[in-house]
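> Have a look at this fold, sequence not included:
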């Protein structure tokens, strides 16, 4: 017969996790900033971040920096492939931003800027979804995992979009310091995406079983 810990200890454990969360996200944000400094390593830094967040759900005593370095070693092949896809998109966004900025006084420029922000947010949310799915099932074929991520993103698009927008907005709203904003601007949306992935995956499995 399996013994379950008392309800009180479970509540205390969950409360401790929530109290540690801000410090842990700050540490992961700092790791991400250092790793992403060369710019072309942004995807690698993000894949390592999602790796740690996935491991954190399974291990309460996880050593974050060590796990982050392990995430770099275990996800770099995936990161390189995704970088080759994302880099042209990122360069295109930067080029369009410069063109729009040169004519920012026209109504068409404001409209184009709005469309560009929406497309960029959607792209970041999709990339975050792919990384989240891949690090949770690293032993499965990458093509299958990416298809699964796209299915999740299509059927439940609100989750990653809200994670990116709400996370970044919350950091900007409450932060009076550039460094505080920098530490949480990536780690908080990534954590929210991880939480969303757990719920969306469960719904998708229930939907598949029902069929």
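Sure, I can see it. Model, not experiment: these values are computed from the prediction. Residues are numbered from 1 along each chain as shown.
> Lowest average confidence across helices and strands of the protein, where is it?
Using mean pLDDT, DSSP states H and E, the weakest-scoring helix or strand in the chain turns out to be helix 158-174, at a mean of 63.
> Against residue 87, how distant is residue 196?
From residue 196 across to residue 87, the span is 26 Å (C-beta to C-beta, to the nearest Å). For every residue, glycine as well, the C-beta is placed using N, CA and C.
> Now the element after the least confident helix or strand of the chain, going C-ward?
helix 178-184 (DSSP states H and E).
> Mind telling me what element the residue nearest the centre of the chain is part of?
In the chain, the centroid-proximal residue (C-alpha atoms, centre = their mean) is residue 190; its distance is 3.0 Å. Here residue 190, judged by DSSP H and E, is contained in helix 187-210.
> buried sites along that helix?
Residues 187, 188, 189, 190, 191, 192, 193, 194, 196, 197, 200, 201 are the ones in helix 187-210 that count as buried (16 or more other C-beta atoms under 10 Å).
> That one packs against which elements?
Where contact means 3 or more C-beta pairs under 8 Å, 6 or more residues apart in numbering; DSSP states H and E, helix 187-210 is packed against helix 7-36, helix 42-58, helix 107-136, helix 142-155, helix 158-174.
> looking at it, the residue nearest to the centre of the chain is touching residue 125, isn't it?
No - at 11.1 Å, residue 190 does not count as touching residue 125 under the criterion of C-beta atoms under 8 Å.
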